[in-house]
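[1] This is a predicted model, with the sequence first.
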Amino acid sequence: MKLLTIDEIFIIKSLIEISQIKINIPVALDKCYSIPMNDGGMGSFKIIYPEEICSDFGELTTTGTQIDYSDHGKYVNIALFIDRNFIPREIDSFVGDSSSLTEPFKIENIKKIYLI
């Protein structure tokens, strides 16, 4: 578990900003942590708030927002998932060729942020 990076926070906030769903952020994101998910290194992670013990948040739903991202020429799709209380819980990342990310997320590699 590590603190969210500036780039991860930017991605989360960007997806929240355009969402048509009112999303609750219980604690400032710079106080939150991430745990990598078992996705073959594609960059998905769980968002963990301070004082949380559990990382199983039950059924999650998408916010209907996405980011197109380029990882050294590889297409990456990034989406935000929330729990039933509208709290951000996961960033789901899918690399188009199913390979691992070459490096951690960087703001400058964002190509497009949009509603689906």
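    Looks like it came in fine.
[2] what does stretch 50-64 rub up against?
    Under the criterion CB atoms under 8 Å, 6 or more residues apart in numbering, residues 15-16, 19-21, 23, 27, 31-33, 35, 46, 48, 79-84, 89-90, 115-116 lie in contact with stretch 50-64. In short, each C-beta sits where N, CA and C put it, glycine included.
[3] and those, which are buried?
    Neighbour-count burial (16 or more other CB atoms under 10 Å) applied to the contacts of stretch 50-64 gives 15-16, 19, 23, 32-33, 46, 48, 79-82, 89-90.
[4] farthest pair in those residues?
    Farthest pair in the buried ones among the contacts of stretch 50-64 (CB to CB) is 19 and 33. Separation: 21.9 Å.
[5] show me where this structure has helices.
    In the chain, the helices defined using DSSP state H lie at 6-18.
[6] In space, what's closest to the one residue sitting closest to the centre of it - neighbours in sequence excluded?
    Central residue of the chain (CA atoms, centre = their mean): residue 91, 2.3 Å from the mean position. The shortest distance from residue 91 to any non-neighbouring residue, by CB to CB, 6 or more residues apart in numbering, is to residue 45 (5.5 Å).
[7] neighbours of that neighbour, just the number please.
    20 (other CB atoms under 10 Å).
[8] same deal with the one 5 residues further on?
    Other residues within reach of residue 50, judged by other CB under 10 Å, total 10.
[9] residues touching the residue nearest to the centre of the chain, list them.
    With contacts defined as CB under 8 Å, 6+ apart, residue 91 is in contact with 8, 11, 12, 34, 43, 44, 45, 47, 78, 79, 80, 81.
[10] which among those gets closest to residue 100?
    Closest approach to residue 100 among those (CB to CB): residue 43, at 8.2 Å.
[11] so that closest one makes contact with residue 102?
    No. The pair residue 43 and residue 102 does not pass the contact test of CB atoms under 8 Å, sitting 10.0 Å apart.
[12] who has more neighbours, those two?
    Ranked by neighbour count (other CB under 10 Å), residue 43 and residue 102 place residue 43 first, with 24 against 13.
[13] who are the neighbours in contact with the residue nearest to that one when sequence neighbours are not counted?
    Spatial nearest neighbour of residue 43, excluding adjacent residues (CB to CB, 6+ apart): residue 93 at 3.7 Å. Residues counted as contacts of residue 93 (CB under 8 Å, 6+ apart) are 39, 42, 43, 44, 69, 76, 77, 78, 101.
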